[in-house]
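In: got a predicted model here, sequence first, then my questions.
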Amino acid sequence: MAQIKFNSTIINGDNISISKNKVTVDGVDYSYEYDNLKIEITGDVTSLNVVACQSLSVTGNVKDIETTSGDVSVTGDIDGNITTVSGDIEKAGNITGRVETLSGDIECGDIGGSVSTMSGDINAKTVHGGVKM
């Protein structure tokens, strides 16, 4: 179970979804003000879906990450896929699935699947699938 901190609120959970003005953790809704939303997660997370944030930082392992807007930093491995529309993917460990971003740089260890970015650089140790830029 992970500890999730968004702005000044701290809660625990495994499945996290963040939409405009609402955070849902393991099926429970929490309201928040969006101004410069910073999300910090400590521990392992099963799924992470974020519509928009200024930054998302995970210290732990994640199964899947999907964001629309915001930079993502992971100190740990991603045991699945990571997809972002606009934002950098930084400091990620190994990623077993695919990595996709339309606008952002990718920095990580090994990528088990394919990797693509329309506007950004790819800095990965090894890519086992295809690369699309």
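Out: Good, I have the coordinates. Please read these numbers as outputs of a predicted model, since none were measured by experiment.
In: hey, let's count contacts and neighbours off CA atoms from now on
Out: Will do.
In: how many other residues sit next to Asp105?
Out: Residues contacting Asp105 under the criterion other C-alpha atoms under 10 Å number 20.
In: look up phi and psi at it.
Out: phi -90, psi 150 (degrees, to the nearest 10).
In: surely it meets Ser116?
Out: No. Under the contact definition of C-alpha atoms under 8 Å, Asp105 does not touch Ser116, with a separation of 9.9 Å.
In: tell me the secondary structure of the residue positioned nearest the centre of the chain, please.
Out: For the chain, the residue nearest the mean C-alpha position is Ile65 (4.3 Å; C-alpha atoms, centre = their mean). The three-state assignment at Ile65 reads strand, by DSSP: H, G, I helix; E, B strand; the rest coil.
In: you'd agree it is up against Asn49?
Out: Yes. A contact is recorded between Ile65 and Asn49 when judged using C-alpha under 8 Å, the distance being 5.9 Å.
In: just the terminal-to-terminal distance for stretch 105-123.
Out: Between the start and the finish of stretch 105-123 there is a gap of 8 Å, counting by C-alpha to C-alpha, to the nearest Å.
In: show me what it is in contact with.
Out: Under the contact criterion C-alpha atoms under 8 Å, 6 or more residues apart in numbering, stretch 105-123 has outside partners 87-104, 124-133.
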